[in-house]
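**Q** prediction below, plus the sequence it came from.
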Amino acid sequence: MSYPQPRYLGETGENSGVFRLGSTPPDLRMRPDGRGTGLHYLATGASTGGHFGLYRWDMDPQPSGPSPHFHRTMTESFYVLSGTIRLYNGERWVDGTQGDFLFVPEGGIHAFRNESGEPASMLLLFTPGAPREAYFEALAEIATTGRQLGPEEWTELFARHDQYMV
């Protein structure tokens with residue numbers, strides 16, 4: 001493996017770093033009461049020029065997380081920051097704790113859940129940087145409004161966002 005072709009061709013570098021305080025409130029909440037899982041858009045596909053998307057998920061004690069699924073166009077990585085998060089690698093569920101990591105290539109079946117009864121936090125990394133914010137916001141809107149989707153509507157929503165349930 002070698003380094004990719006240069007993407008920056010300047011000679012002196014530039015001041016282009018973006019800093020975000022850890023105390024910044026979540027960009028999105030997944031429950032109607034403004035509580036529940038807090039999603040932090042640390043670096044979106046748009047802000048990284050499509051290279052990656054990095055999100056912090058701060059999960060509350062209530063059970064939450066997607067069922068097993070896969071993506072056709074992107075990889076997904078999970079890094080547990082705190083608490084216990086159940087991670088599914090397509091073969092088995094494991095209790096991930098601080099410092100545990102799971103990488104899932106394109107097509108890899110995976111899932112995650114907080115079933116511990118305690119808060120938990122993790123980083124999610126998508127490569128390349130797909131526009132996942134629209135998917136997360138659609139899920140939050142469905143949860144906060146109580147809107148009910150039929151099977152065909154769920155399938156369409158998932159397919160539009162490269163999410164294929166198994």
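**A** Ah, there it is.

**Q** how many residues are close by the nearest residue to Thr48 once chain neighbours are set aside?
**A** Nearest non-adjacent residue to Thr48, counting by C-beta to C-beta, 6 or more residues apart in numbering: Gly129, 5.0 Å away. No exception for glycine: its C-beta is placed from N, CA and C like everyone else's. For Gly129, the count of nearby residues is 20 (other C-beta atoms under 10 Å).

**Q** next: His71.
**A** Neighbour tally, His71, other C-beta under 10 Å: 21.

**Q** is it true that it touches Asp162?
**A** Yes - taking C-beta atoms under 8 Å as the contact criterion, His71 and Asp162 are neighbours in contact, 4.8 Å apart.

**Q** quick one: the helices in the protein?
**A** Along the chain, the stretches classed as helices by DSSP state H are 132-145, 151-160.

**Q** need the winner for burial among these.
**A** Burial of those is given as mean neighbour count (mean count of other C-beta atoms under 10 Å); helix 132-145 ranks first at a mean of 16.

**Q** what angle do that one and helix 151-160 make?
**A** 150 degrees (axes from the mean of the first three to the mean of the last three C-alpha atoms, to 10 degrees).

**Q** elements contacting helix 132-145?
**A** Identification of packing neighbours for helix 132-145 by 3 or more C-beta pairs under 8 Å, 6 or more residues apart in numbering; DSSP states H and E yields strand 28-29, strand 38-43, strand 53-59.
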